[in-house]
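[1] what would the 3D arrangement of this be:
(one chain, ligands or ions: 1)
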Amino acid sequence: MGDPFYITTAIHYPNGRPHIGHAYEMVAADAIARFQRQAGRDVLFQTGTDEHGLKMAQAARARGIETRAFADEMSRHFHEMADKFNVGYDRFIRTVEVDHHRASQAIWQAMADRGDLYLDRYEGWYSVRDEAFYDEGELVAGEGGEKLSPQGTPVEWTAEETWFFRLSRYQQPLLDLYSTNPDFIRPESRRNEVMRFVEGGLSDLSVSRTSFDWGVPVPGSPGHVMYVWVDALTNYLTGTGYPDKDAANARFWPADLHLIGKDIVRFHAVYWPAFLMSAGVPMPRSVFGHGFLLARGGEKMSKSLGNVVDPMTLADSFGVDALRYFFLREVSFGQDGSYSPEAIVLRVNAELANSFGNLAQRTLAFIAKNLDGVLPEAGRSDPADAMLIEEVVVACAGLKAAFGDLALSQGIEAWMRGVFACNGYIDTQAPWALRKSDPERMHAVLRTLVRAIRMLAIAILPVVPSSANRLLDQLGAGPDERDHAAIDDDGWYNRLAESAFRLSPPVPIFPRLNMPVDAE
Ligand code: ME8
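    Coordinates of the predicted model:
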């Protein structure tokens, strides 16, 4: 086993059905987790649902059901969505779970032992939608002059006795953390935002509530439940077995990457490290705030696609791998991006169907038809063969370097250059013309193509796992021949010629998409 790599998504509020932003985040994290597994890392990947807090309690009340029953039902939708999108999490955590309550109470106790918690009266503005407290100076005026949070959500005045966390103590330690670990917050723009916020001074944070009871009880303080963000952030520790130092997953802390959206960077890059410093727990290595994925044209979507915000419907219309590819390719990771049925169809058809899918299908169908599906002997090589392999190696290396740096769309772009090189090669080498005139040369061309396609399929596997795996099945690659080491392993296609590389008939893997009929 390689070095541990621990990656988390935000845990999602199941107060409503999952939307496309949730799918986007899970898919991005899944691609990174799969990539790190291919690189040989010992990966722990956690996602899940954030089920406490006033927002959940209110949503359940509005439905007229018990909060726990509501949470069970709604969390299931997120779990199903993760499975539908082929998100290979190791744990889907729910904050109602017993070990999570235990971890949250343990970190609370550690902060209390440090002297960082005190009882006082909180009076101020609270947004239930954001589950966040705001200072008067942060509020903005709505259209009717009403007060809104900086995120544009309603705020209400709250006054109650609560526990406070001495966040003010951590201003300098946090600034030191950001300057000694420039990669702690990425991308750069988010880092600057956070630094400005912390430089402006930090007030102590209200961390318990008494006006409702849907939360983790504060140890030794009857009537108080933890502020939902305290327990929510702690989920990352729960996954490693905290506070048990001998837990099976203890080796995964500190986390390598908390992948979250741009709206919750402050919680992860200010509150969370401060809680951890207080509790004497090492810092996670990095927090990446991705952008938002928004519907292009929004309300203009047609009726049935109008719930395009429903990721399950989108997955049924376009296919999971097509959507995964679109999410990661279309949006420069870290920036906002938009989607529309047209953009999905265009991107997927141009790159996955017409370029990569067609390349694989042409090559494999040709071998199936003319060589009974058996990869031929080496044949007569030409410098063009080595040149193509070199271009594909460079393309795969480009993807690897970019994915290692979370530049997902650039990585796919580098990979596409390898696909284009193969298409250029197949057109100039024209194996169909060599069939009669020069079969020896045709053999070398086909072997080169199969070798290149296999490398490309392995490289793109984190993005389109189910299709790439099916293609690798067709290519006769074993389940343990799909990682980065296998890209460099030349023994593979020599073995293939002897074994059961027989395709009858090859099944197209990347179908062309049609615009759904009811899209406008
Ligand atoms: O914030 N595009 O939960 P959440 C991309 N429970 N990402 C989006 C998005 C969009 N349109 N909308 C939301 C919470 N997100 C807390 C997190 S973590 C300890 C607790 C992202 O369900 C959002 O930025 O509101 C966040 O990372 C995630 O979806 C869950 O949002």
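[2] what are the ranges of the helices in the stretch 201-350 of the chain?
    Counting by DSSP state H, counting those that start in this stretch, the stretch 201-350 of the chain has helices at residues 228-238, 265-266, 272-279, 303-306, 311-318, 320-330, 341-347.
[3] looking at these, which has the lowest confidence?
    If the helices of the stretch 201-350 of the chain are sorted by mean pLDDT, helix 303-306 sits at the bottom with a mean of 42.
[4] okay, buried residues for the one helix or strand residue 57 maps to please.
    Using DSSP states H and E, residue 57 sits in helix 54-63. Under the neighbour-count criterion of 16 or more other CB atoms under 10 Å, helix 54-63 has 54-60 buried. Just so you know, the C-beta spots here come from the backbone N, C-alpha and C atoms, and that holds for glycine as well.
[5] what do you get for stretch 470-478?
    470-472, 474-477.
[6] neighbours around residue 399, how many?
    By other CB atoms under 10 Å, 27 other residues sit near residue 399.
[7] can you pull the contacts of it?
    For residue 399, the contact set (CB atoms under 8 Å, 6 or more residues apart in numbering) comprises 411-412, 414-415, 459-460.
[8] which of the residues you listed sit farthest apart?
    414 and 460 (10.9 Å; CB to CB).
[9] look at residue 48 and tell me its secondary structure.
    strand (DSSP: H, G, I helix; E, B strand; the rest coil).
[10] quick check: bridge partners of it?
    residue 11, residue 93 (DSSP bridges).
[11] my read: it touches residue 96, true?
    No: with contact defined as CB atoms under 8 Å, residue 48 and residue 96 do not form a contacting pair (10.4 Å).
[12] give the contact list for residue 492.
    454, 477, 481, 486.
[13] closest to residue 6 among those?
    For the contacts of residue 492, the nearest to residue 6 is residue 486 (24.5 Å; CB to CB).
[14] what's the nearest residue to the closest one if we skip its chain neighbours?
    residue 458 (5.9 Å; CB to CB, 6 or more residues apart in numbering).
[15] per-domain residue ranges of this protein.
    Per the TED database, the structural domains of the chain span 4-116+166-290, 341-498.
[16] which one of those domains has the lowest average pLDDT?
    domain 341-498 (a mean of 93).
[17] is any part of that domain close to the ligand?
    No: shown here: domain 341-498 not in contact with the ligand (CB under 6 Å from any ligand atom), separated by at least 13.7 Å.
[18] so how far is that domain from its chain's centroid?
    The chain centre lies 26 Å from the centre of domain 341-498; the measure is CA atoms, centre = their mean, to the nearest Å.
[19] contact residues of the stretch 151-300 of the chain facing the ligand?
    232-233, 235, 260-261, 263-264, 292-294.
[20] what's the closest of the residues you listed to residue 10?
    Nearest member of those to residue 10, counting by CB to CB, is residue 260, at 4.5 Å.
[21] can you pull the contacts of that closest one?
    Contacts of residue 260 by CB under 8 Å, 6+ apart are 9-10, 25, 268, 287-290.
[22] which residues touch residue 88?
    30, 33-34, 45, 465.
[23] neighbours around the spatially closest residue to residue 234 that is not a sequence neighbour, how many?
    The shortest distance from residue 234 to any residue other than its chain neighbours is 4.6 Å, reached at residue 104 (CB to CB, 6+ apart). Look at residue 104: counted by other CB under 10 Å, it has 27 neighbours.
[24] mind checking the SS state of residue 104?
    helix.
[25] now which of the residues of the stretch 151-300 of the chain next to the ligand would you call buried?
    232-233, 235, 260-261, 264, 292-293.
[26] out of these, flag the one nearest to the ligand.
    Set against the ligand, the nearest of those by CB to the nearest ligand atom is residue 261 (1.7 Å).
[27] residues contacting that closest one?
    10, 21, 25, 289-292.
[28] near the one residue in the stretch 351-500 of the chain that gets nearest to the ligand, how many other residues are there?
    As assessed by CB to the nearest ligand atom, the ligand sits closest to residue 408 within the stretch 351-500 of the chain, at 13.7 Å. For residue 408, the tally of surrounding residues (other CB under 10 Å) stands at 26.
[29] likewise residue 267?
    Residue 267, neighbours per other CB under 10 Å, totals 18.
[30] how close does the closest residue to it other than its chain neighbours sit to residue 129?
    Among residues not flanking residue 267 along the chain, residue 229 sits closest, at 5.6 Å (CB to CB, 6+ apart). Distance of residue 229 to residue 129, given as CB to CB, to the nearest Å: 14 Å.
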